[in-house]
Structure formats: structure tokens, C-alpha cells
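Visitor: Provide a 3D model corresponding to the input given below.
(one chain, ligands or ions: 1)
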Amino acid sequence: MIRFMCEDDLEEVCSIENKMFSKPWSKSDFFTSMKNRQNIYLVAEEPQGEIVGYCGCWGVVDEGQITNVAVKPEARCKGIGTEMLKELIRIGRDEGLLQFTLEVRESNMQAIRLYEKLGFSSAGIRKNFYEAPLENAVIMWLTDDNSSGCMRNRD
Ligand SMILES: CC(C)(COP(=O)(O)OP(=O)(O)OC[C@H]1O[C@@H](n2cnc3c(N)ncnc32)[C@H](O)[C@@H]1OP(=O)(O)O)[C@@H](O)C(=O)NCCC(=O)NCCS
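Guide: Model (predicted):
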């Protein structure tokens, strides 16, 4: 089940976040972002109640800036990342977001493939954007012009 993130989820979300990222978001980072009504934060929950993934975006005027996407290692490659992002984009569009953007490490091919599958395309490189380890970021956008992949995959 994909549903909105709530305060009670933050312990589990941060436990995934801490294991996965060298510069993890804190509980208060998630809390502040989640509480802002312009923003959309979702979790993927298994029937037994375990959180296996989460994603979120800031709504800035008519743009969705995707800040977090993660799926627990043992739950990957089952379509959870795809379903969470499709839901995020669907809700965002309903709320008036016209385009979506994100940054991703240049070497993170799993994530880049996932974004491309949803219709995102690369708009350039942000040099040495990431630390620990230092790496370029690929800047990706999903606009009305390149969203056909996303629409196709909604079926
Ligand atoms: C990126 C991530 C969220 C993908 O989640 P997921 O639930 O495994 O993704 P899905 O099962 O929906 O896969 C979607 C697509 O991603 C690509 N993909 C996912 N895992 C892949 C892998 N191991 N190798 C190659 N491509 C892969 C494929 O294109 C896949 O589509 P397909 O199944 O039709 O081939 C997950 O790997 C993750 O949490 N990674 C660590 C955190 C991270 O890098 N977050 C992104 C930060 S920008």
C-alpha cells in the first residue's frame, strides 16, 4: 500500500535512510518537509505494517522537486519504487505541479533507469554536487513534453 507519510513512520523511515545514504536526512528534516502542505511525502507499507520504501517532493510554485526516493534492499526490483513515484507524480499533478525535477548520482544506474522509465530525461550535470564520495549529479526533469513514458506506464 502506498500512503501519505505520517509522524509515526519517521523512526522506520530514518532507520532505512541511515543505512542507505552517507548524508542521511534527520527525523526533523523529514518532519519539517512532511508537515508543509505544499509538499508530498509517501511511504510504501507491506500488509504486515512494515515500511519498505518512501519518497517525497517539495512543491515549489508549479514544480515538484523530488528530494527522497528509497526502497529497502530486500524489497527492491518488485516495482515498489515505480509505484511510489507514479503515485507521487499523480498526486502532484492533481495539486497543480506541472513538472518534476531531481538530482541523482551519476553512477546510480538503478535509479537513473527507474526515472527514465517514468519519463524523466537528463537536463545536464551538476559537477561534484555530492560529497562522501564526491560525485557529479545528473539533473533530470519530467515535463509535459517528456512525460509520455509515465503516462504509458500508468496502466
Ligand atoms: C532506486 C530504487 C529506489 C529503485 O527501487 P525499486 O523498487 O527496486 O525499483 P523498481 O522495482 O520499481 O524498478 C524500476 C526500474 O528501475 C530499474 N532498476 C531497478 N533495480 C535495478 C537494478 N538492480 N539494475 C538495473 N536497473 C534496475 C529498472 O529499469 C526497473 O524497471 P524494470 O523492472 O521494468 O526493468 C532502489 O534501488 C533504491 O532504494 N536504491 C537506493 C537509494 C537510491 O539510490 N535512491 C535514489 C536516490 S536519487
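
Visitor: longest helix of this protein?
Guide: helix 80-94 (DSSP state H).

Visitor: which elements pack onto it?
Guide: Counting by 3 or more Cβ pairs under 8 Å, 6 or more residues apart in numbering; DSSP states H and E, the packing neighbours recorded for helix 80-94 are strand 2-4, strand 40-45, strand 51-60, strand 63-71, helix 109-117. For the C-beta atoms, the positions are set from N, CA and C on the backbone; glycine is no exception.

Visitor: can you tell me what sits against that helix?
Guide: Under the criterion Cβ atoms under 8 Å, 6 or more residues apart in numbering, residues 2, 40, 42, 44, 52-57, 59, 64, 66, 69, 71, 100, 114-115, 117-118, 142, 150, 153-154 lie in contact with helix 80-94.

Visitor: picking that back up, in CSV: the helices and strands packed on helix 80-94, plus mean pLDDT, distance to Phe129 and mean neighbour count.
Guide: CSV is the format used below for the helices and strands packed on helix 80-94 (pLDDT from 0 to 100; distance: least, Cβ to Cβ, whole Å; neighbours: other Cβ atoms under 10 Å):
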stretch, mean pLDDT, distance to Phe129, mean neighbour count
strand 2-4, 98, 29, 15
strand 40-45, 98, 23, 22
strand 51-60, 98, 17, 22
strand 63-71, 98, 14, 20
helix 109-117, 98, 14, 15
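
Visitor: okay if I get the ones you listed as JSON lines plus distance to the ligand?
Guide: Output for the helices and strands packed on helix 80-94, formatted as JSON lines (distance: least, Cβ to the nearest ligand atom, whole Å):
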{"stretch": "strand 2-4", "distance to the ligand": "12"}
{"stretch": "strand 40-45", "distance to the ligand": "8"}
{"stretch": "strand 51-60", "distance to the ligand": "6"}
{"stretch": "strand 63-71", "distance to the ligand": "4"}
{"stretch": "helix 109-117", "distance to the ligand": "3"}
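
Visitor: quick one: residues contacting the spatially most central residue of the chain.
Guide: Centroid check for the chain by Cα atoms, centre = their mean gives Val69 as the closest residue, at 3.3 Å. For Val69, the contact set (Cβ under 8 Å, 6+ apart) comprises Tyr54, Cys55, Gly81, Met84, Leu85, Leu102, Ala111, Leu114.
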